[in-house]
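Undergrad: predicted model follows, preceded by the sequence.
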Amino acid sequence: MNYWLIKSEPDAFSWQEQIQNNIEPWTGIRNHQAKKNLQSMKNGDLTFFYHSNVGKEIVGIVRIVKEAYPDPTDPDQKWSCVDVQTVCSVPTPVTLKQIKAIPELQEVSLIKQSRLSVMPITPEHWKLLCNLGGITQADIKK
DNA sequence: GCCAACGTTGGC
DNA sequence: GCCAACGTTGGC
C-alpha cells in the first residue's frame, strides 16, 4: 500500500465535483515526474486531494481504482492517467500554512517541490496528516 | 550540449 | 499582480 497526494485547482476541478462524480479519470498530467508517479500507483492506494491556489489545503481522500492507462485527453496517447474514487472528506482540512509550521513535515514534496502535482507521501507523513485532518482508520476503511 | 528566452505553476 | 522555481524550446 502506497500513499500519494494529487493537486487540483478548485476553479478547474474541485473536491465538491469529485464527491459528485465519485469515480473520476485523473487526466491532463503533463509532467514527467508526475507521470512516473501515476504509473507507480496501485489499485487500492490512498491519495490525498489537495486544493492548490484557492484554499491551499488537503480537503479529501480518494482511492486508486484503475491503474495507469493512456490519457484519453492526449492526442498522442503518450501521457498517462488513473481513475480515482472518492473515499471521504477531511473533517478539518489541513492547510499548507499548518504543514509548513510542523517540523516533521518539512520534507514533504508539497513544500520541497511546490510545482509537482502528483507526489508520494511516506506512511509516517500520511498518519500525521490524517491526525491533523481528523481522519480515523474507520474513515478510510470501507 | 549549452544556455538564453519564454511559458507555467503556485504561493504570497 | 508579482515572483521564484521549474520545465521547455530553439539558436548556436
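TA: That came in fine, so what should we check first?
Undergrad: number of residues surrounding the closest residue to residue A:88 other than its chain neighbours?
TA: For residue A:88, ignoring the flanking residues on the chain, the nearest one in space by Cβ to Cβ, 6 or more residues apart in numbering is residue A:139 at 4.7 Å. To be clear about C-beta, it is placed using only N, CA and C from the backbone, and glycine gets the same treatment. For residue A:139, the tally of surrounding residues (other Cβ atoms under 10 Å) stands at 16.
Undergrad: correct me, but residue A:139 touches residue A:86?
TA: No: Residue A:139 lies out of contact with residue A:86 (Cβ atoms under 8 Å); the separation is 12.0 Å.
Undergrad: ok, and for the longest helix anywhere in chain A, which residues are buried?
TA: The longest helix of chain A (DSSP state H) is helix A:123-133. Residues of helix A:123-133 classed as buried by neighbour count (16 or more other Cβ atoms under 10 Å): A:125, A:126, A:128, A:129, A:130, A:132, A:133.
Undergrad: find the nearest non-adjacent residue to the first one, please.
TA: Counting by Cβ to Cβ, 6+ apart, the nearest residue to residue A:125 once its immediate chain neighbours are dropped is residue A:108, at 5.5 Å.
Undergrad: look up how far DNA strand B lies from the one you found.
TA: Look at residue A:108 and DNA strand B: by Cβ to the nearest atom of the strand, to the nearest Å, they are 11 Å apart.
Undergrad: look up phi and psi at that residue.
TA: The phi/psi pair for residue A:108 (degrees, to the nearest 10) reads phi -70, psi 140.
Undergrad: for it, give me the pLDDT.
TA: pLDDT for residue A:108: 94.
Undergrad: so it touches residue A:96, yeah?
TA: No: Residue A:108 is not in contact with residue A:96 according to Cβ under 8 Å; the separation is 10.2 Å.
Undergrad: these two: which has the busier surroundings?
TA: Between residue A:108 and residue A:96, residue A:108 has the larger neighbour count (other Cβ under 10 Å), namely 20 against 17.
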